[in-house]
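J.: pasted the sequence and its predicted model underneath.
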Amino acid sequence: MSDQCDEYDEHDESAEEALLPFEDGSRLIRRQWQNGRWYFSVVDVIAVLTNSDAPGTYWHVLKHRLQQEGANETVTICNALKMLALDGKMRLTDAADAKTMLRIIQSVPSPKAEPVKQWLAWVGAQRLEEAAATLDEAQRRQLLRGEVADRNISLAETARSARVVSGRDFAVFQDHGYMGLYNGEKARDIAACKGLAKGKAILDWMGSEELGDNWFRIIQAEAKIKREGIVTREDANAAHLTIGRVVRKAIADMGGTMP
């Protein structure tokens with residue numbers, strides 16, 4: 001990975017770039033869509049986290065510390081991309097996708113860490129909605145099914161910190177989320193309502209709207225576990241139940257189709 005952050009280059013009109021305001025608009029975070037995902041400027045995120053006037057220097061020091069601590073993979077999978085700077089020119093800057101950026105954020109002590117994580121989730125949701133809007137129902141369902149599968153893997157990793165370890169633990173944990181979202185119904189109840197035989201994955205029999213509801217439930221459940229530092233299975237199950245109920249209420253308030 002290059003250390004040549006913000007090296008000047010000519011403007012590339014073909015590049016897809018954006019300057020997004022973070023929360024109150026006092027800071028801008030550059031992003032670029034490449035290979036099916038958003039990449040974010042590391043120094044811009046560092047600037048938000050630290051409120052530093054020299055975020056490039058902070059990132060330079062942090063990179064070397066991460067390498068010394070054995071987190072070299074996090075550093076090396078960052079890319080030097082040409083992104084639009086405030087002066088309208090394209091400049092090289094270190095960039096990372098959302099997953100890598102979350103790892104970097106965890107290494108920066110900052111009271112803004114959780115808001116930045118939530119912002120990254122919001123950007124991901126926005127892009128997913130934009131992509132889904134261009135597809136027909138079958139394609140939307142396929143896209144969202146893959147997203148739900150990926151997020152469930154991430155949720156399982158996060159839930160391990162709350163001692164949700166075995167397959168049985170995770171099944172119980174998931175049932176609490178379903179009970180909140182489906183008004184008391186567990187996975188087996190949902191499968192029965194859909195007329196599915198034992199062993200059939202209920203996610204494979206959901207439409208795009210229902211998959212989207214579950215995707216949002218998963219995102220928010222993971223965020224709540226991290227935000228509140230939940231460390232027990234009981235508290236994780238209760239948190240997932242609460243998130244399910246909140247998502248269900250939001251759907252009802254918007255006049256959406258109830259799961």
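T.: Received, thanks.

J.: what separation do you get for residue 148 and residue 210?
T.: 10 Å (C-beta to C-beta, to the nearest Å). (Glycine included, C-beta is placed from N, CA and C.)

J.: before we move on, what about residue 43?
T.: 40 Å.

J.: which residues do residue 148 and residue 210 both contact?
T.: Applying C-beta atoms under 8 Å, 6 or more residues apart in numbering, one finds that no residue jointly contacts residue 148 and residue 210.

J.: helix or strand: which one has residue 63?
T.: helix 55-68 (DSSP states H and E).

J.: report the buried residues of that helix.
T.: Across helix 55-68, burial judged by 16 or more other C-beta atoms under 10 Å covers 55-56, 58-59, 62-63, 66.

J.: show me the contact partners of it.
T.: 3, 5-6, 42-44, 46-47, 50, 52, 72, 74-75, 94, 104, 107-108.

J.: give me the buried entries from the residues you listed.
T.: Looks like these have 5, 42-44, 46-47, 50, 74-75, 94, 104, 108 buried, using 16+ other C-beta under 10 Å.

J.: about what we covered before: just the CA atoms of the helix holding residue 63, as PDB, please.
T.: Extracted C-alpha coordinates of helix 55-68, given in PDB (Å, rounded to 0.1, in the frame of the first residue of the first chain):
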ATOM      1  CA  PRO A  55      -5.200  13.300  10.000                       C
ATOM      2  CA  GLY A  56      -2.600  12.100   7.400                       C
ATOM      3  CA  THR A  57       0.100  12.200  10.000                       C
ATOM      4  CA  TYR A  58      -2.100  10.400  12.500                       C
ATOM      5  CA  TRP A  59      -2.900   7.600   9.900                       C
ATOM      6  CA  HIS A  60       0.800   7.300   9.100                       C
ATOM      7  CA  VAL A  61       1.700   6.600  12.700                       C
ATOM      8  CA  LEU A  62      -1.400   4.300  13.200                       C
ATOM      9  CA  LYS A  63      -0.400   2.200  10.200                       C
ATOM     10  CA  HIS A  64       3.000   1.500  11.600                       C
ATOM     11  CA  ARG A  65       1.500   0.700  15.100                       C
ATOM     12  CA  LEU A  66      -0.900  -1.700  13.500                       C
ATOM     13  CA  GLN A  67       1.900  -3.400  11.600                       C
ATOM     14  CA  GLN A  68       3.900  -3.700  14.800                       C
END
